[in-house]
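In: mind folding the following:
(one chain, ligands or ions: 1)
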Amino acid sequence: MSATQSLRQTEAQERFDLLDVTSYDVSLDLAASETTFASVTRVEFESRGGATFLDLKPTHLASVRLNDRSLDVDLLDRGRFPLDTVAGHNVLVVEATMPFRNDGEGLHRHVDPVDAKAYVYGMSFMDAAPTIFACFDQPDLKAPYTWHVRAPEDWIVVGNAPATGGDGEWELGPTQPLSTYFVTLVAGPYHLLRSEHDGIPLGLSCRASLADALDADADELFEMTGQCFDEFHRLFGIRYPFGDYHQAFVPEFNAGAMENPGCVTFRDQLVFDTRVTRGLRIQRATTIAHEMAHQWFGNIVTPKWWDDLWLNESFAEYMGNRVTADVTQYDDAWTHVSWSRRQWGLGADQKPSTHPVAGNGAEDALLALQNFDGISYAKGSSILKQLATSLGDEVFVAGAIDHFTRNRFGNATMHDLFASWERAGAGDLSGVTEQWLRTAGADVLRLDRARAVLERRSPAEHPAERTHRLPILRLPDGGETALDVTSDETPLPAETLAGASEATALVIDPREESWGVYVPDATTVRALVDVLPEVTDTRVQAAIWNNLKSGFSVAAIDPDAVVDLLEARLPVEDTEDTLRQTKPWVMGEVVPAASPGALARIHVAARDRLAETQAGDELQLSSFRWVVSTTDDPARLHRWLAGSDLPDGIDLDVDLRWRLLTQLAVLGDTDQATLDTALADEPTVFTQVMHSRAVASLPTPEAKAWAWARFTGEVSVANYELEAAGRGLWRAGHEDVTHPYVQRYVTDLAGIADVHSGWMQAVVAEAYFPASHVDEASLALLRPLADDDALPGAVRRRVVDQLDAAHRKLAVRAAFPKH
Ligand SMILES: [Zn+2]
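Out: I've put the predicted structure just below:
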């Protein structure tokens, strides 16, 4: 994409005041070309009369006719076409050629390496609709849509309304009134399953090459969908209003999922064709429930502008977790949330880019995209959970129902929601609102045993007076005392410390009922070495590790003390090990800051835990992954790769094979030719991505150059491979070969805006940041980027946050120097 102008809130307000959009009628021809498609849009709207503009980002604009008058197509400027509307009814017809994209936005077109079949899906969120059709692209200009789609004859088309037709000609709609960002089409030779629940037609689809895996889990997915519908209907008394509910698993999707009414899209890594952990199954379950929650929070009532995106995400996150735990087989969903989401939120809340949950100040659409972070999801969810507790669930839900009823198929702001809660009997919410929702940052709560107080400090840049109600759990005896934290020094009740010794651990907020950076005292950290192995409640285990991670993040815990605890009881109960989980934190933060030998000690701990587990058990898989990631013995990796010496119950599936290959690459005990052959033997989307990460993980100049060519766009690859190469590039121990790329990052970063757009721009800026070079010389090179006005705002924000992360790592090393 060439540079386009991001819509500003003030412009959206002016256009909203001018126009009422009546309908969209869109014809797409997806059959004519592999690189572009024809798009004809007819928009009808009422206007108060005057100048405005239309959004469109075509590869070629053939014609624009407003009220039967042809306009000069050369007036298109960086994604905008100026219009002079007449007062009253207007009809606009735009004929354009649009690009198929490979970055997960607009109409993404993917060719499956398994069988060469092509698949298309639409992602209009949050400003990509104009690369599909001409539109007034803002959330508060809703209209019904009708679609006419020409597609290859063997394709199936699914969208925001039930599709009719076939044999290459499809009709959809008219839909309910939709924001432009909800529009999707899922078209291709997809494998399709249908069911029905309580009068709602249900669908599931995925690429043909994943058909067996989807079939295997279809019962679970349909059952869970039905359970969640029942619960949302019970809670709100408002029926799902968008007709069919189709869940499409689509390739190379950037987010976890997108809540398009009638046709939710998910990343198809959530169709499991290898053995996965319970953690990942819970993540899929909460994602399904999250998108269903959006059908109410977001789709029936939509935020007027992106500064209120918490009305979507915080609610969907909270309701998704809650409903999953309450009505599906995954009743431990909240424990998984502790492992996977809490530090994501707390981390974001301590970064320079922290922002309030509500009213995040997004001035334009692209900047708002950066607020889809741990604050809008995890922190917002935590605060809503507290609010539901303090208001009482009846008032909390009644306010939501009032909000849906008054603003049905329209838009609203947070003030509308607060008014609904007040009508429902919530009383004065201004205190909670001001301190928790409108003020950024997290309190640091530090336990000081000698003075018998819990200290509370709000961030200097974001002063606040937040009250916390939370228990302190005493271990090993299990005694619990409730604490109301209303000032900067809260005395601990006498019973908290009565009889406490050096062997007593004090855990702050063991069920995570409040929100803060909890810092345990040094005695607790030492005592946990004996206490932690005896803790059986996984909820409390996760909370203890969150106390430790929080204390570590503010340089209050010695990395060697963390290693002592990992040795005492490796937290394999956090079964998943994707980016935000415990294992990546240990490998990326703790080990590099700890004394030499830490990795070997953790490896022994992993083998010990593995030895305790049962064949085929969840914890066996989790333990074995720790063993693989911590080993420095290539001979053992080679044996496992050959299928020998594997523990009984661990199968050498494609996921494990590539984990072994990646670890061999990190250790420098394989080469690119071997990795290329492994990919050629089994080319899938998954293996392409793993190959990309593994090659970039090789400790050679050639491998790092191979990765860098993807960053600069010299080699263009699809989004997942692009990110994976960046994540593989910066490995601890590879500093000699990665060193030149610290300067290259500084030099090349400005250019990425020309080759990577939208969602991927910021992802790339982060994935290729020199995270392993935590030294003053490197930071001196990188620091000026924080003030470089030439960088897009989203890119600069990621750089500022990554620099902050590097400074935190330095602070830990300065506080606890190792030789
Ligand atoms: Zn969401």
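In: quick one, what contacts the residue in the stretch 51-200 of the chain positioned nearest to the ion?
Out: Taking Cβ to the ion as the measure, the point where the stretch 51-200 of the chain comes nearest the ion is Phe125, at 9.8 Å. Bear in mind the C-beta positions are built from the backbone N, C-alpha and C, glycine included. Phe125 sits next to Glu105, Tyr181, Phe182, Met258 when contact means Cβ atoms under 8 Å, 6 or more residues apart in numbering.
In: can I get the residues you listed in CSV with neighbour count, secondary structure and pLDDT?
Out: What follows is the contacts of Phe125, written out as CSV (neighbours: other Cβ atoms under 10 Å; DSSP: H, G, I helix; E, B strand; the rest coil; pLDDT from 0 to 100):
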residue, neighbour count, secondary structure, pLDDT
Glu105, 25, coil, 95
Tyr181, 24, helix, 97
Phe182, 28, helix, 97
Met258, 25, strand, 98
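In: please tabulate those in a markdown table, including the columns distance to the ion.
Out: Putting the contacts of Phe125 into a markdown table (distance: Cβ to the ion, whole Å) gives the following:
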| residue | distance to the ion |
| --- | --- |
| Glu105 | 16 |
| Tyr181 | 12 |
| Phe182 | 12 |
| Met258 | 8 |
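In: show me which pair in the residues you listed is furthest apart.
Out: Pairwise distances across the contacts of Phe125 (Cβ to Cβ) peak at 14.3 Å, for the pair Glu105 and Phe182.
In: and the residue in the stretch 351-500 of the chain that the ion sits nearest to, what pLDDT?
Out: Of the residues in the stretch 351-500 of the chain, the one nearest the ion is Tyr377, at a distance of 7.5 Å by Cβ to the ion. Tyr377 carries a pLDDT value of 96.
In: test my guess that it contacts Ser340.
Out: No - checked against Cβ atoms under 8 Å, the pair Tyr377 and Ser340 is beyond contact range at 10.8 Å.
In: which ones are touching the one residue in the chain that gets nearest to the ion?
Out: Nearest to the ion in the chain, going by Cβ to the ion, is Ala316, at a distance of 4.4 Å. By Cβ under 8 Å, 6+ apart, Ala316 lies in contact with Glu259, His290, Glu291, Ala293, His294, Phe297, Gly298.
In: filter those down to the ones in helices?
Out: Counting by DSSP state H, the members of the contacts of Ala316 that fall within helices are His290, Glu291, Ala293, His294.
In: so what does the helix or strand of the chain with the lowest mean pLDDT touch, helix or strand wise?
Out: For the chain, using mean pLDDT, DSSP states H and E, the weakest element among its helices and strands is helix 365-369, scoring a mean of 81. Contacting helix 365-369 under the criterion 3 or more Cβ pairs under 8 Å, 6 or more residues apart in numbering; DSSP states H and E are the following elements: helix 758-767, helix 793-815.
In: please, where are all the helices along the stretch 101-250 of the chain?
Out: In order along the chain, the stretch 101-250 of the chain carries the following helices (DSSP state H, counting those that start in this stretch): 211-236.
In: where does pLDDT dip in it?
Out: For the stretch 101-250 of the chain, applying pLDDT under 70 flags no range at all.
In: hmm, who's touching the least confident helix or strand of the chain?
Out: Residues beyond helix 365-369 that count as contacts (Cβ under 8 Å, 6+ apart) turn out to be 6-7, 126-127, 306-307, 309, 360, 362, 758-759, 762, 792-794.
In: next one: it to chain centre, how far?
Out: Offset of helix 365-369 from its chain centre (Cα atoms, centre = their mean, to the nearest Å): 15 Å.
In: tell me the buried residues in it?
Out: Across helix 365-369, burial judged by 16 or more other Cβ atoms under 10 Å covers Ala365, Leu366, Leu367, Ala368, Leu369.
In: the following helix or strand past that helix vs the ion: in contact?
Out: Going down the chain from helix 365-369, the next helix or strand is helix 380-391, by DSSP states H and E. No - using Cβ under 5 Å from the ion, we find that helix 380-391 stays clear of the ion, coming within 10.7 Å at best.
In: CA atoms only for helix 380-391, dumped as CSV, please.
Out: Below are the C-alpha coordinates for helix 380-391, written out as CSV (Å, rounded to 0.1, in the frame of the first residue of the first chain):
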residue,chain,number,x,y,z
GLY,A,380,-10.2,-3.8,31.5
SER,A,381,-11.5,-7.3,32.2
SER,A,382,-10.0,-7.2,35.7
ILE,A,383,-11.7,-3.9,36.5
LEU,A,384,-15.1,-5.0,35.1
LYS,A,385,-14.8,-8.1,37.3
GLN,A,386,-14.2,-5.9,40.3
LEU,A,387,-17.1,-3.7,39.2
ALA,A,388,-19.5,-6.6,38.9
THR,A,389,-18.5,-7.7,42.4
SER,A,390,-18.9,-4.2,43.9
LEU,A,391,-22.2,-3.3,42.1
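In: how about that helix, which residues are buried there?
Out: Counting neighbours by 16+ other Cβ under 10 Å, one finds that the buried residues in helix 380-391 are Gly380, Ser381, Ser382, Ile383, Leu384, Lys385, Gln386, Leu387, Ala388, Leu391.
In: ok, residues contacting stretch 464-481?
Out: Contacts with stretch 464-481, where a contact means Cβ under 8 Å, 6+ apart, come from 435-436, 439, 441, 443, 445, 447, 454, 456, 458, 482-486, 492-493, 495-496, 500, 503-511, 513-516, 527-528, 530-531, 534-535, 540.
In: no further queries at this time; thank you.
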